[in-house]
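1. With the input below, show me the fold.
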Amino acid sequence: AHTKYHRFFVNQLNTSLSYSLLNPKMAKTEEELPHGVEKLHPDAVETAPIIVKKAALAFFVYIFFMDVVLCFWPGLYHMYLRYYVSFDPVMPSDAPNDITPVAEVYGVHDYASTREYYGNEVIIFRNYTDCKSTFDNVIFPRRKDQLDTYTHIEYLDKPGNAYRPGVTKGDFVDRTLAEVLKRKDPNEFASFLRIFSDVDFKDLLKAKPDDNFAFDSSFISFFKRPVVSTGIHAAPVAQTLSLQCYGTKSWLFWKSSDLTKHKIYPVSSPQGQVLSGDPESILKIPTKAAIVYPGDLMYFPPLYYHAVATNPGKNVMFAIRKIDRESVVRGIIISPRLSFNWLFRYMHTQLYNKSGKAGFHENKERYPFKEAIWTEVVKKQFENFADYDGLDAFNLP
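-> Model (predicted):
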């Protein structure tokens with residue numbers, strides 16, 4: 001009996017092994033799974049890699065559209081701005097203002113000594129130089145007969161705010177520097193001038209012969225009352241040295257990262273502007289304030305957005321731009337997107353720039369990207385915020 005049963009089990013085992021060899025899928029024992037977990041069908045396709053691939057493709061398409069297509073297609077950029085511009089508050093109405101002073105340095109009186117302070121923050125070098133004397137005795141005699149474009153202005157009922165200057169620019173007129181300083185016309189504003197050169201900057205900044213500077217954005221005014229002279233904007237890729245010669249200016253500054261964090265979206269078109277927010281909300285996010293007196297030098301890095309208020313009377317300020325490898329790298333570190341957007345749009349804009357002047361400057365022509373940002377953003381900001389008095393925030397002395 002024992003032999004009989006033994007043969008029976010051996011035959012059954014041989015049959016099972018033969019079947020397993022003929023059917024490999026059956027050769028493996030089934031793995032026990034936790035309760036409620038179903039075994040994946042052998043022909044099923046895992047969806048996780050597909051989702052990742054689709055997400056990566058969507059991200060690539062988004063970046064390509066935002067940072068390439070919108071940087072070379074002004075018409076589409078025009079439509080994009082029209083859709084995304086906003087004037088709604090981004091901060092609660094009862095939130096306090098968040099304004100703190102910039103850092104100050106005393107005892108620095110030459111350009112080489114300022115270099116160690118350059119970085120990601122605004123710095124004022126108090127009593128840096130006797131700029132008045134240098135301007136009157138060196139710069140003015142050298143440039144007095146040079147022509148540039150000056151702007152006729154009209155004063156608003158309100159003195160302006162961070163989004164809307166207190167003056168409206170009108171017709172352009174060509175004058176020499178000597179004519180402007182002699183006329184002292186409160187209804188003309190010399191903004192973003194290009195009449196000075198590298199040799200002038202070296203004299204003004206007490207720099208060495210091998211120090212290089214790109215260009216200036218100089219301002220001369222004889223305002224009849226305190227006004228916000230320039231609304232919020234920024235200079236991409238350029239480190240700026242603002243030297244005050246006559247009069248006093250007050251500045252408000254915002255980092256591009258703080259603007260973005262609080263949904264005040266910065267753009268470079270190619271100059272820096274903002275698409276959203278309002279004059280009240282922007283003071284409730286981290287804001288730096290600076291009052292600059294005659295003889296003071298102020299440094300600020302690329303893409304540090306700012307607005308400026310100016311006292312009445314004679315006011316002369318040189319905003320000297322430094323564009324070199326250090327400046328470009330610093331701008332890219334601060335915001336890769338804004339830096340490369342600026343580069344692409346600047347390249348496009350230069351196809352239309354026949355003036356021979358670098359950087360932003362006043363002119364009678366509006367190039368495609370500048371026209372888009374003016375029509376869909378700046379002009380609408382001017383219209384919406386013309387009646388808001390924000391001068392007190394600048395704390396002009």
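
2. and Asp278, what helix or strand is that in?
-> Using DSSP states H and E, Asp278 falls within no helix or strand.

3. How many neighbouring residues does it have?
-> The local packing of Asp278 (other Cβ atoms under 10 Å) involves 22 other residues. Quick note: C-beta positions are derived from backbone N, CA and C, even for glycine.

4. For it, grab phi and psi.
-> phi -150, psi 170 (degrees, to the nearest 10).

5. Tell me which residues touch it, please.
-> Going by Cβ atoms under 8 Å, 6 or more residues apart in numbering, Asp278 touches Phe87, Asp88, Pro89, Val90, Tyr163, Asn384, Phe385, Tyr388.

6. how does it look with 7 Å?
-> Phe87, Pro89, Tyr163, Phe385 (Cβ atoms under 7 Å, 6 or more residues apart in numbering).

7. Out of those residues, grab the one that's most surrounded.
-> Tyr163 (24 neighbours).

8. my guess is it meets Ile232, correct?
-> Yes - assessed by Cβ atoms under 7 Å, Tyr163 is found in contact with Ile232 at 6.1 Å.

9. Name the nearest residue to Val377, sequence neighbours excluded.
-> With sequence-adjacent residues excluded and distances taken as Cβ to Cβ, 6 or more residues apart in numbering, Val377 is closest to Val85, at 5.3 Å.

10. burial measure for that neighbour, as a count.
-> Around Val85 there are 17 other residues, counting by other Cβ under 10 Å.

11. The host helix or strand of Phe222 pairs with which strands, parallel or anti?
-> Element membership for Phe222 (DSSP H and E) is strand 218-223. The pairing partners recorded for strand 218-223 under DSSP bridges are strand 188-193 (antiparallel), strand 313-322 (antiparallel).

12. buried stuff in the top strand by length along the chain?
-> When the chain is parsed with DSSP state E, its longest strand is strand 147-160. If you call a residue buried by 16 or more other Cβ atoms under 10 Å, then strand 147-160 has these buried ones: Asp148, Thr149, Tyr150, Thr151, Ile153, Tyr155, Leu156, Lys158, Pro159, Gly160.

13. Identify the farthest-apart pair in those residues.
-> Of all pairs drawn from the buried residues of strand 147-160, the greatest distance, 29.1 Å, lies between Asp148 and Lys158 (Cβ to Cβ).

14. that older thread, put the alpha carbons of the strand holding Phe222 into PDB.
-> Once non-C-alpha atoms are left out, strand 218-223 reads as follows in PDB (Å, rounded to 0.1, in the frame of the first residue of the first chain):
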ATOM      1  CA  SER A 218      21.600 111.800 -15.600                       C
ATOM      2  CA  PHE A 219      18.800 114.000 -14.300                       C
ATOM      3  CA  ILE A 220      18.600 117.800 -14.200                       C
ATOM      4  CA  SER A 221      15.500 119.600 -12.900                       C
ATOM      5  CA  PHE A 222      14.200 122.900 -11.500                       C
ATOM      6  CA  PHE A 223      10.900 121.700 -10.100                       C
END
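
15. I'd like the mean pLDDT over it, please.
-> Taken as a whole, strand 218-223 has an average pLDDT of 94.

16. Beyond it, next helix or strand please.
-> strand 227-233.

17. what angle separates that next one from strand 188-193?
-> If you take axes from the mean of the first three to the mean of the last three Cα atoms, to 10 degrees, strand 227-233 sits at 30 degrees to strand 188-193.

18. who does strand 227-233 touch, helix- and strand-wise?
-> Strand 227-233 sits against strand 147-160, strand 165-176, strand 272-274, strand 304-310, with contacts defined as 3 or more Cβ pairs under 7 Å, 6 or more residues apart in numbering; DSSP states H and E.

19. Please repeat the previous calculation with a cut-off of 6 Å.
-> When contacts are defined as 3 or more Cβ pairs under 6 Å, 6 or more residues apart in numbering; DSSP states H and E, strand 227-233 sits against strand 147-160, strand 165-176, strand 304-310.
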